[in-house]
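*Asks:* Need a 3D model of the following:
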Amino acid sequence: MNRHVPNPADKARLTAEMRAMGRKAREAAGLLGLMPAEQKAQALRAAAAAVRGAVPAILEANALDCAEAKAEGQSAAFLDRLLLNETRIEAIAASIEDIAGLPDPVGAIMEEWTRPNGLRISRVRTPLGVIGVIFESRPNVTADAGALCLKAGNAVILRTGSGALRSALAIHAAMQRGLVAGGVPEAAVQLVPFGDREAVGQMLAGLDGAIDVIVPRGGKSLVARVQQEARVPVFAHLDGNNHVYVHEKADLAMAQAVLLNAKLRRTGVCGAAETLLVDAALAGTHLKPLLVALLDAGCAVRGDAACRAADPRVTEAGDEDWSTEYIDAIIAAKVVSGPDEAIAHIGRYGSHHTDCIITADEAVAMRFLGEVDSAIVLHNASTQFADGGEFGFGAEIGIATGRMHARGPVGVEQLTSFKYVVRGQGTVRP
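*Replies:* Presented below is the predicted three-dimensional model:
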């Protein structure tokens, strides 16, 4: 397997290969945009079956990736995102099947109306075209992104980091066997087969106009590079610096359960909570139990003076902690004077990803949900629900934190555009 293009002299070959992928993807997109909904669904179901049939090959490839990651000293969170087992592969296959069963968005009428002159106008969903997805150490994104893009009538070019490349190639090979057997063009879902970072630059440049939009899924450095260098539109997926605010009207048992799930269910996912805000009005009863629950569960806490006084195991939080996405068993904690300070803190330090409030006060909850400018805001629910599958989207490519076109979980509807269809009866404009 060619994981790295060996030297700069091969740049011309890499460029030629990437542009060929772009041309093939553009051709495939033209066919996919017209493909019947049931054919796409059947092909996706065949892809799911092929993934189930390839479990040994996928596990073998993943074992090599995981061994290399451990040897390189990668973090526990990185390894958790990378690791595959039979349960996770079954979840990948089930997700493909869920996507297959979703309503087909292509051709759906979003709105229609009739003008006084008799013109009938419809706004109809159409594919975006060719989507470039750049992601890091999550092999499951190979299947999720490929299936979502195809369901929405788009071709996709996937590029993963070298640390997950073997696993992604194994998943892609299985998927592609199923898709091709279902009559889908081989170039509909392509995976860049080498780890050279120059491939990212080629994709950001648009592959001679072949790519219509880029979706990055990864850490700050990846997203920053994409935003700085991309010459095509970007669905930005920024870091998940997510907050849990425990309001003075919060039930302690509920707050504990939601907080532990939000932080520790999986620390490496973008929906994991990274900061705990506790209302001063209930700090006397709720702060210590919440901190103890975290600490006893193995989570390090970096807190302000009030948190350190509540439990000596809490270490001092610096200003940088309030804006850090740990993606690890670490959380920042602070006592706030009330909703005003909580909302202001989230506005200053948050990443507009996912934030939640725990409270029995409906009026305060409505204020929080209205004023916190994040892609996902929750009331009395874990931030780990920031997931397309949990939203009923089948899966997601990522959580878009921008404000244009797509925001929140990017599913099949967010992977479409629209056009206006206008019908008349020889109608002319006076």
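*Asks:* what about the nearest residue to residue 252 once chain neighbours are set aside, how many neighbours?
*Replies:* In space, and not counting its chain neighbours, residue 252 is closest to residue 286: 5.4 Å by C-beta to C-beta, 6 or more residues apart in numbering. Glycine gets a C-beta too; all of them are placed from N, C-alpha and C. Per other C-beta atoms under 10 Å, the neighbour tally for residue 286 reads 21.
*Asks:* Run a quick check on residue 286 versus residue 255, I expect a contact.
*Replies:* Yes: using C-beta atoms under 8 Å, residue 286 makes contact with residue 255 at a distance of 6.4 Å.
*Asks:* who touches both of those two?
*Replies:* Common neighbours of residue 286 and residue 255 (criterion: C-beta atoms under 8 Å, 6 or more residues apart in numbering): residue 246.
*Asks:* if we can go back for a sec, please name the residues that touch the residue nearest to residue 252.
*Replies:* Residue 286 neighbours (C-beta under 8 Å, 6+ apart): 246, 250, 252, 255, 278-279.
*Asks:* For stretch 149-166, measure first residue to last.
*Replies:* This stretch, stretch 149-166, spans 22 Å end to end (C-alpha to C-alpha, to the nearest Å).
*Asks:* What's the mean pLDDT across it?
*Replies:* If you average the pLDDT over stretch 149-166, you get 96.
*Asks:* which of the residues in that stretch are buried?
*Replies:* When neighbours are counted by 16 or more other C-beta atoms under 10 Å, the buried residues of stretch 149-166 are found to be 149-166.
*Asks:* Keep only those of the residues you listed that are in helices.
*Replies:* Among the buried residues of stretch 149-166, the residues falling in helices (DSSP state H) are 149-151, 165-166.
*Asks:* Tabulate these (TSV), appending distance to residue 37.
*Replies:* Formatted as TSV, these follow (distance: C-beta to C-beta, whole Å):
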residue	distance to residue 37
149	15
150	12
151	9
165	33
166	34
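*Asks:* Just flag the most distant two among the contacts of residue 286.
*Replies:* Within the contacts of residue 286, 252 and 279 form the most distant pair, 12.1 Å apart (C-beta to C-beta).
*Asks:* Of these two, which one has the most company?
*Replies:* Neighbours were counted for residue 252 and for residue 279 using other C-beta under 10 Å; residue 279 has more, 24 against 15.
*Asks:* That one against residue 246, yeah?
*Replies:* Yes: at 6.1 Å, residue 279 and residue 246 qualify as touching, with contact defined as C-beta under 8 Å.
*Asks:* Need phi/psi at residue 361.
*Replies:* For residue 361, the backbone dihedrals (degrees, to the nearest 10) come out as phi -90, psi 110.
*Asks:* separation between the residue lying closest to it once chain neighbours are set aside and residue 190?
*Replies:* Of all residues not flanking residue 361 in the chain, residue 249 sits nearest, at 4.1 Å (C-beta to C-beta, 6+ apart). Using C-beta to C-beta, to the nearest Å, residue 249 is found at 52 Å from residue 190.
*Asks:* repeat for residue 180
*Replies:* Using C-beta to C-beta, residue 180 is found at 12 Å from residue 190.
*Asks:* what does residue 20 give?
*Replies:* Residue 20 is 10 Å from residue 190, by C-beta to C-beta.
*Asks:* Residue 144 now?
*Replies:* 16 Å.
*Asks:* Geometric centre of this protein: which residue is closest?
*Replies:* residue 398 (1.6 Å; C-alpha atoms, centre = their mean).
*Asks:* Next up, the contacts around that one.
*Replies:* Here residue 398 is in contact with 135, 215-217, 235, 237, 270, 409-410 (C-beta under 8 Å, 6+ apart).
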